[in-house]
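Undergrad: What follows is a predicted protein model with its sequence.
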Amino acid sequence: MDVRESIKNLIRDSLSSLGLEMTAEIHLERPANVEHGDWSTNIALALAKKAKSSPRDLAVQLATALESLPSSYVSRLEVAGPGFVNFYLNKSWLYEVLLQAVNDGTENWARSEEGSNKKVIVEFVSANPTGPLHAGHGRGACYGDSVARILERSGYLVAREFYVNDRGTQMNLFASSLAACTAGENIPEDGYHGAYIKEWAAEIPRDQDPLEWGKKRALSDQREVLRDLNIEFDSWFSETSLVDSGLIEKTLSMLAKANASYEKDGATWLKSTEYGDDKDRVLVKSDGEYTYLLPDITYHLDKLTRAERLINVWGADHHGYITRMKAAIESLGHEPERLEVEVTQMVNLQRSGEEVKLSKRTGDIVELSEVVKEVGSDAARFTYLLQSIDTTQTFDLDLVSKRVNENPIFYVQYAYARIRSMMKKADEIGFTPLPLSEVDLSQLQHQRELILLRALHELPDVVERASRELAPHQITTWLREFAADLHGFYHDCRILGDDIEPSLTQARFLLMRGVLIGLEIGMDLLGVSAPEEMWRDEIVEEGDG
RNA sequence: GCCCCCGUAGCUCAGUCCGGACAGAGCAGCGGACUUCUAUUCCGCUGGCCGCAGGUUCGAAUCCUGCCGGGGGUGCCA
């Protein structure tokens, strides 16, 4: 049983011995300050009013009752502040954490069954196949992939999906831009003017259709940079396929039958205002062409047949579509909650302190591939996942590439490399780790060691939270702190050496195995690599280059 | 006008979901620590009316309301 459950049970028993009904969930938290114990509960504060007692008095009563109960964990109790009861535990619970982590290994530690194999489709990027991905797409790409990894570790069956808008107005404009360029004519005013158009136009073989060729060109370009970022999609869902299969027409008749649409001014409209939208939205234009919305609704209906949860990652410029998409889903009898739209705020790219515009249509773009090439895949991913998607991000290429000492990814990777390096050394000098059961973990008494164990214990909670909140930056934050804990330990505590007690070497080596597992899991969830070694010269060259 | 996001240290950001004990970290600045398994490290100091004003609460950075400031959206474009 987890130490937390054990303590909660103690509290529950104590409260009932005091004749108090449990009305609230018992809240156990890790105090921010270590002087406040290993665990703390505010239950006395929460129940004081009901118990017609002062929080402080109630806390004292609770503590007294707790002390009369036997526990293998609790060594000391304390009533503090306005009425907190603080638990000071003996260290066995921390040693259990280490054993558990090492027993489970990277594959299984901090994994949960919370998702109980529910199917979830994470749809992200879904950029139009009309050009390369730009730096802004990188954020959604890294976020979506990391969310998928976190959900997988939380017991979901995850599919990564890319919706390809391979038909419609934008696609036609793209094709005509390419065609115009090939023919040496001016690109239409509302066409695509990016520098890549000229390059691509020059590549088109004479007998090829610009639209089909351009689509393939764009998709392969996008796929390549995503692969560089360590992102692989399970499926690329083509909008055209929805037309071919007749599903779009089917959606249209379903909406009509549900009385969710109507005809006006020669167009077909969705009654989205009935679900809180500002205005009704056009599904079929008066010229008979579909708007983007209708195929998109069809696509979402299809996804609903394939998964229980749909998670979409959209850029901030699409937030207005959430209401209409949910309106469509709900009007056809589905629960709108099954669609969760995560909106990523803008990325402002800087280089030499100068703002760089992202617009694909002005042609003044910084492509994602440039970013990856300049700062590297790991640094790019880590940087994109450094903060909550709710905040506008300033991605400074100079900072992330040149000034490595300001770049947290190296700090974390270096922590990993240091342990690897120590283990290599251990191997060279013929060190043999004892079997788990023979290692005397009570050797681990140093503050640095205990801090590491506490941090390791947090990881499953952090993963659970990241999964619940769809927030990879929780992992990033933990990883940075955990790496700091490791560096502190590494500085103060030697592992190998003639002057170190062999039993202490064994215990610390085991500790390092546990830390390695924690780092590997964290880095895997972010999709960054865990390097065996890192050398200064190498980095300096990379930073200057 | 309406909708979404943000406003916490000089800078970049955690913490806000689910209210608790003196508000944290990195970078920048200042000062220290390498005969050791990697100093890309470590330790210390400096630095905050948590945008403003009310409200709820024993208790608010966190919840509610209203403002102010910044960004984005608001097409029979995607």
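TA: Good, I have the coordinates.

Undergrad: Domain map for chain A?
TA: A:3-90, A:124-240+A:345-401, A:404-544 (automatic domain parsing).

Undergrad: hey, least reliable of those domains by pLDDT?
TA: With a mean of 87, domain A:3-90 has the lowest mean pLDDT of the domains of chain A.

Undergrad: residue ranges for the helices of the stretch 401-545 of chain A, please.
TA: Here the stretch 401-545 of chain A has its helices, by DSSP state H, counting those that start in this stretch, at A:408-428, A:447-469, A:473-492, A:502-526, A:536-544.

Undergrad: Tabulate the domains of chain A in TSV, adding columns for mean neighbour count.
TA: Just so you know, the C-beta spots here come from the backbone N, C-alpha and C atoms, and that holds for glycine as well. Listed next are the domains of chain A as TSV, based on neighbours: other CB atoms under 10 Å:
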stretch	mean neighbour count
domain A:3-90	17
domain A:124-240+A:345-401	19
domain A:404-544	18
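
Undergrad: Just put those domains in JSON lines and tack on distance to residue A:118.
TA: Output for those, formatted as JSON lines (distance: least, CB to CB, whole Å):
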{"stretch": "domain A:3-90", "distance to residue A:118": "24"}
{"stretch": "domain A:124-240+A:345-401", "distance to residue A:118": "6"}
{"stretch": "domain A:404-544", "distance to residue A:118": "12"}
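
Undergrad: can you redo those as TSV with distance to RNA strand B?
TA: Shown next, in TSV, are those (distance: least, CB to the nearest atom of the strand, whole Å):
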stretch	distance to RNA strand B
domain A:3-90	3
domain A:124-240+A:345-401	3
domain A:404-544	3
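
Undergrad: Compare these and give me the one nearest residue A:97.
TA: Relative to residue A:97, the nearest member of the domains of chain A by CB to CB is domain A:404-544, separated by 4.4 Å.

Undergrad: now the closest one, how far from the chain's geometric center?
TA: Relative to its chain's centre, domain A:404-544 lies at 21 Å (CA atoms, centre = their mean, to the nearest Å).

Undergrad: what residue is smack in the middle of chain A?
TA: Geometric centre of chain A, nearest residue: residue A:472, 2.7 Å, by CA atoms, centre = their mean.

Undergrad: Identify the residues contacting that one.
TA: A:142, A:143, A:146, A:147, A:150, A:385, A:466, A:525, A:526 (CB atoms under 8 Å, 6 or more residues apart in numbering).

Undergrad: Need the helices of the stretch 401-545 of chain A in CSV (columns: distance to residue A:298).
TA: Formatted as CSV, these follow (distance: least, CB to CB, whole Å):
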stretch, distance to residue A:298
helix A:408-428, 41
helix A:447-469, 29
helix A:473-492, 33
helix A:502-526, 33
helix A:536-544, 47
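
Undergrad: Out of these, which is closest to residue A:282?
TA: Closest approach to residue A:282 among the helices of the stretch 401-545 of chain A (CB to CB): helix A:447-469, 35.2 Å.

Undergrad: Packing partners of that closest one?
TA: Judged by 3 or more CB pairs under 8 Å, 6 or more residues apart in numbering; DSSP states H and E, helix A:447-469 is in contact with helix A:92-108, helix A:135-153, helix A:473-492, helix A:502-526.

Undergrad: Give me the angle between whichever helix or strand comes after the second one and helix A:135-153.
TA: Under the assignment DSSP states H and E, the closest C-terminal helix or strand after helix A:135-153 is strand A:157-164. With axes from the mean of the first three to the mean of the last three CA atoms, to 10 degrees as the basis, strand A:157-164 and helix A:135-153 are set at 160 degrees to each other.

Undergrad: Direction included, what does strand A:157-164 pair against?
TA: Strand A:157-164 sits in its sheet next to strand A:119-123 (parallel), strand A:235-238 (parallel), going by DSSP bridges.

Undergrad: and of those strands, who's closest to residue A:168?
TA: strand A:235-238 (12.1 Å).

Undergrad: can you list contacts of the helix or strand just after that closest one?
TA: Moving toward the C-terminus from strand A:235-238, the next helix or strand (DSSP H and E) is helix A:239-244. By CB under 8 Å, 6+ apart, the residues outside helix A:239-244 that reach it are A:163, A:164, A:165, A:166, A:167, A:168, A:248, A:295, A:298, A:299, A:302.

Undergrad: biggest separation within the residues you listed, which pair?
TA: Farthest pair in the contacts of helix A:239-244, by CB to CB: A:168 and A:302, 17.6 Å.

Undergrad: Without its sequence neighbours, what residue ends up closest to residue A:132?
TA: Of all residues not flanking residue A:132 in the chain, residue A:367 sits nearest, at 4.6 Å (CB to CB, 6 or more residues apart in numbering).

Undergrad: How about the one you found: which residues does it bridge to?
TA: Those that pair with residue A:367 in a beta bridge, by DSSP bridges, are residue A:134.

Undergrad: which residues touch it?
TA: By CB under 8 Å, 6+ apart, the contact list for residue A:367 reads A:132, A:133, A:134, A:135, A:196, A:225.

Undergrad: picking up where we left off before, residue A:69: which of the helices and strands packed on helix A:447-469 is closest?
TA: helix A:92-108 (16.6 Å).

Undergrad: Summarise which helices and strands the closest one is packed against.
TA: Contacts defined by 3+ CB pairs under 8 Å, 6+ apart place helix A:92-108 against helix A:447-469, helix A:502-526.

Undergrad: Save the ones you listed as CSV, and put in distance to residue A:336 too.
TA: What follows is these, written out as CSV (distance: least, CB to CB, whole Å):
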stretch, distance to residue A:336
helix A:447-469, 19
helix A:502-526, 29
